[in-house]
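Chemist: Sequence first, predicted model second:
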Amino acid sequence: MISRIALLTLAVLFVLPLSAQIQPTLILRMSEIQPEDFPTTKADYEFARRVKELSKGRIAVEVYAGGVLGDEVSVIEQVQFGGIDLARVSIAAVQLFAPRMAALFMPYLYRDDNHMWKVLTGPIGRELLADLEAGRLVGLGWFEAGARSFYTVGAPLKRTADLTGLHIRVQESIPMMSLVEAFGVTPIPMAFANVYGALRTGEIDGAENNLATYYASGHYKVAPYYTLDEHARLPEVIIASAVALAEMAPADRELLRQAAQDVAGFQREIWASYEEEISRSLQAAGVLLLRPDNLGLWQKLARSVWSGQPAEVQKLLQRIQETR
Ligand code: BDP
């Protein structure tokens with residue numbers, strides 16, 4: 001029979017160190033406004049898994065999905081003073097602190113998906129993440145968010161003239177407001193959580209977003225006309241609080257960056273399959289996914305936004321176009 005002392009020794013030698021190993025010494029809270037089963041949220045969880053793996057269980061990332069920590073604008077404020085450690089947000093929520101990022105809002109900016117990813121994973125993408133430091137934010141990496149298009153409550157949009165005078169919700173972001181103004185629309189900046197209600201009550205005539213969000217938010221139930229004009233491809237960004245990171249060892253900061261890079265490929269894959277799956281569901285729900293009549297004209301109208309940009313943005317636009 002094993003004595004109690006022997007049992008205790010065994011526990012001290014093996015069991016305790018094991019449990020001590022898996023107890024995280026640092027817990028980071030991450031905000032996500034999309035719901036649990038959305039591709040960005042799934043990728044946040046994959047990011048958390050990778051952080052745990054790379055840190056051998058020392059660092060835990062807790063994902064708070066569905067906007068429970070607040071809308072993106074208030075989340076960013078909290079990230080800036082360290083109340084929230086990490087967030088996955090649209091670039092619309094952070095461009096104010098990194099003005100050159102306005103370049104990424106330009107309509108019809110990329111030749112194709114590959115072009116966008118070449119830009120984001122190359123020197124331009126790295127510079128733009130670094131620009132965020134001016135806003136006490138640390139950019140860790142980029143996620144895919146498809147292309148944004150207009151959708152409406154009352155009638156389908158076929159021609160650009162159909163947009164004239166409509167009240168369209170946009171993100172609380174100056175470049176996004178200028179973009180839709182080029183189409184003759186009155187932009188109504190509004191937090192994402194209020195859009196469903198505003199579509200329902202007729203406070204707005206429509207909104208614009210990627211197909212995935214249009215589906216997951218249920219907006220299609222109140223605004224059943226989606227026009228595939230694909231005016232802008234705004235990527236998502238993973239950001240960390242500079243305040244929170246300042247307390248971490250440099251190797252751990254690097255580890256977070258590494259984890260964000262590591263999950264980017266996975267996120268793009270699940271984004272693509274989600275979009276495919278939901279376009280079938282949307283059609284089955286009776287939503288009209290419409291191709292605009294003369295996309296060339298849409299593009300021409302939107303191009304006026306390019307020329308209104310300050311010199312530093314123009315320079316970046318030039319470099320983006322030259323990226324092969
Ligand atoms: C979605 C983005 C989300 C934005 C939202 C919006 O994933 O981060 O906040 O659009 O339009 O596509 O506010």
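Modeler: Arrived safely, thanks for sending.
Chemist: rest of the way, CA atoms for contacts and neighbours
Modeler: Noted.
Chemist: Could I get the buried residue list for stretch 231-249?
Modeler: Neighbour counts over stretch 231-249 (16 or more other C-alpha atoms under 10 Å) mark 231-245 as buried.
Chemist: Might one say that residue 63 is in contact with residue 43?
Modeler: No: with contact defined as C-alpha atoms under 8 Å, residue 63 does not reach residue 43; the gap is 10.4 Å.
Chemist: and the residue nearest to residue 70 when sequence neighbours are not counted, how far is that from the ligand?
Modeler: Take residue 70 and drop its neighbours on the chain: the residue closest to it by C-alpha to C-alpha, 6 or more residues apart in numbering is residue 33, 7.8 Å away. In this view, residue 33 and the ligand are 6 Å apart by C-alpha to the nearest ligand atom, to the nearest Å.
Chemist: show me where pLDDT drops low in the stretch 101-250 of the chain?
Modeler: Flagging of the stretch 101-250 of the chain using pLDDT under 70 yields an empty set of residue ranges.
Chemist: where does the stretch 101-250 of the chain come near the ligand, residue by residue?
Modeler: 171, 192, 209, 210, 213 (C-alpha under 6 Å from any ligand atom).
Chemist: 5 Å instead?
Modeler: Residues of the stretch 101-250 of the chain lying near the ligand by C-alpha under 5 Å from any ligand atom: residue 192.
Chemist: What are the boundaries of the strands in the stretch 101-250 of the chain?
Modeler: Here the stretch 101-250 of the chain has its strands, by DSSP state E, counting those that start in this stretch, at 137-143, 148-152, 167-170, 186-189, 206-209, 225-232, 236-241.
Chemist: and of the ones you listed, who's closest to residue 23?
Modeler: Across the strands of the stretch 101-250 of the chain, residue 23 has its closest neighbour in strand 236-241 (22.2 Å, C-alpha to C-alpha).
Chemist: between the closest one and strand 137-143, how big is the angle?
Modeler: Computed with axes from the mean of the first three to the mean of the last three C-alpha atoms, to 10 degrees, the direction of strand 236-241 lies at 150 degrees from that of strand 137-143.
Chemist: For strand 236-241, which strands pair with it and how are they oriented?
Modeler: Applying DSSP bridges to the sheet, strand 236-241 is found paired with strand 86-90 (antiparallel), strand 137-143 (antiparallel).
Chemist: does the ligand sit close to the shortest one?
Modeler: The one in question is strand 86-90. Yes: for strand 86-90, a contact with the ligand is found by C-alpha under 5 Å from any ligand atom, at 89, 90.
Chemist: and that strand, how far out from the chain's middle?
Modeler: Distance of strand 86-90 from its chain centroid, counting by C-alpha atoms, centre = their mean, to the nearest Å, is 6 Å.
Chemist: How about the last one?
Modeler: Averaging C-alpha coordinates over strand 137-143 and over its chain gives two centres that are 10 Å apart (C-alpha atoms, centre = their mean).
Chemist: ok, residues contacting it?
Modeler: 40, 79-80, 120, 129-130, 132-133, 235-242, 256-257, 260-261, 264, 267-268 (C-alpha atoms under 8 Å, 6 or more residues apart in numbering).
Chemist: Isn't residue 85 up against residue 76?
Modeler: No: the criterion here is C-alpha under 8 Å, and residue 85 misses it with residue 76 at 9.9 Å.
Chemist: Could you dump the strands paired with strand 236-241 into TSV and include mean neighbour count and distance to residue 98?
Modeler: Putting these into TSV (neighbours: other C-alpha atoms under 10 Å; distance: least, C-alpha to C-alpha, whole Å) gives the following:
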stretch	mean neighbour count	distance to residue 98
strand 86-90	25	13
strand 137-143	26	10
